[in-house]
Every structure is written in structure tokens, then in C-alpha cells.
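Peer 1: only the shape, not the letters, is given here:
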């Protein structure tokens, strides 16, 4: 969707190396999310942000950290990549946590840890 | 914590047949959203239901929210090959809780 981009689109990395994925939005939305998608598990929330420098953990946050120094950018870092972190990572944005807003997703980053 | 289950996990239908996917939550929801993800793509927001017993239609798609606000369904009439993809429900608990996504139903339409 227009207004949200993820980079890189594909990455292969070695076990033990740090990896950073970037999500950039031009919609000025307050809320940003990182999800991972794996077969049989649907979309699972890793971390989310409700404002600049305001972040919180999701259901599968172990091994991941995030940062949001600007409204438009939300970074996801794998401190020391493991094979279990091979997945497709989606960033999403929303205007509000309130009742009436769906999420807009980025195109995803396919990460392979070898 | 809140759990959202979807059934079936997979569904193959002949083109022209109807299709239904069901979503069930372990807790009462304030609203439920539905998303479609085409193969190789990203989830795209379809609709949100808020009221108990609410029914909404989008062309051949009919969405329902249960009376107890713990379940929902998506029904597609006369499927087409363009309906292929994975359909996710996402339920939100009360207040400002985050949404919890269901595991998805993958639809394959046989021409």
C-alpha cells in the first residue's frame, strides 16, 4: 500500500549476526507494529509503538528489539539472529488503537537465517 | 491471553461454489476485523464489525459478528479465481487492547 515501505525486501544472514529491518511510513500515523508470519501461526505481534520513543512488547518479543526515533521510522533489530527467526516480517500502521481503524501493512521482508 | 481460532485451515472449492470461514475468540471482543492476503502478498484490510449481530456485505462477501461478540464468519458467494488467498480475522478486546490475529483460512479456487 502507498505510504508504508519496508526494507530490505529479502535478506539472507548468518546465525549470530545482528540484523535490522526498517519500516518507513509517510501517513503520519501514531501506531506502528512489527509482526512475523509463519505457516500455521498466522500473524504474531513482536513489538509495537504508540509514539516516538514509546514502544512495548508483543507476544513473541524475545530476541528482538525496536526503536522509533522519528514518527515515520520503526526499526526492528534481531540482536543475534537464529534459525528460528527465519520468517516473513510485516510492518503495519494504524491511526489509532481505538475502535474504528484497520491496519495498513507493508509488503514484508523475507528473512532467512542460515 | 486472548486467543482467536479460525476454521478451516484450508479450503479447496470449485469456481462458483460458496465458501465460509469461521472465527472464534476465547473472550468477548469489542470489534473484529477481516483481512485478505493474496499469495506472496501482504494482508489487506477488508472490513470491521463492531455491533453484536452485525452483518455487512461487500459484493459477494458477507461478514457477520455473533450476538455474543465472540465469533464471526466470512461467506463468499459463487467464488471466483480472484478470491484465492488467505483470509484472516483479527479480534480486539475491550478498550485499547491490541488486535489478535486468527491463524487464517487459505482458500484455493479450482477453475
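Peer 2: Perfect, I can see it now. None of these values were measured; they are calculated from a predicted model. Numbers count the residues shown, from 1 in each chain, chains lettered A, B, ... in the order given.
Peer 1: now residue 28: closest residue in space, sequence neighbours ignored.
Peer 2: No chain in the question, so chain A it is. Excluding its sequence neighbours, the residue lying closest to residue A:28 (CB to CB, 6 or more residues apart in numbering or on different chains) is residue A:71, at 6.2 Å. Where C-beta positions appear, they are placed from N, C-alpha and C, glycine not excepted.
Peer 1: let's do chain B instead
Peer 2: In this structure, residue B:28 finds its nearest non-sequential neighbour in residue B:69, 5.2 Å apart by CB to CB, 6+ apart.
Peer 1: confirm the one you found sits in a helix?
Peer 2: No - counting by DSSP: H, G, I helix; E, B strand; the rest coil, residue B:69 is located in no helix; its state is coil.
Peer 1: neighbours around the residue nearest to residue A:28, how many?
Peer 2: Neighbour count of residue A:71, defined by other CB atoms under 10 Å in any protein chain shown: 15.
Peer 1: okay, now the unreliable bits of chain B?
Peer 2: Scanning chain B for pLDDT under 70 picks out B:94-97.
Peer 1: quick check: residues of it near chain A?
Peer 2: By CB under 8 Å from any CB of the partner chain, the residues of chain B that approach chain A are B:1, B:6, B:9, B:30-31, B:33, B:35, B:41-45, B:48, B:50, B:88, B:90, B:92, B:96-99, B:101-104.
Peer 1: residue A:90 bridge partners, please.
Peer 2: Here residue A:90 sits in beta bridges with residue A:35, as judged by DSSP bridges.
Peer 1: counting neighbours, what do you get for it?
Peer 2: 24.
Peer 1: ok, it - contacts?
Peer 2: Listed by CB atoms under 8 Å, 6 or more residues apart in numbering or on different chains, the contact set of residue A:90 reads A:6, A:34, A:35, A:36, A:37, A:43, A:105, A:106, A:108, A:109, B:42, B:43.
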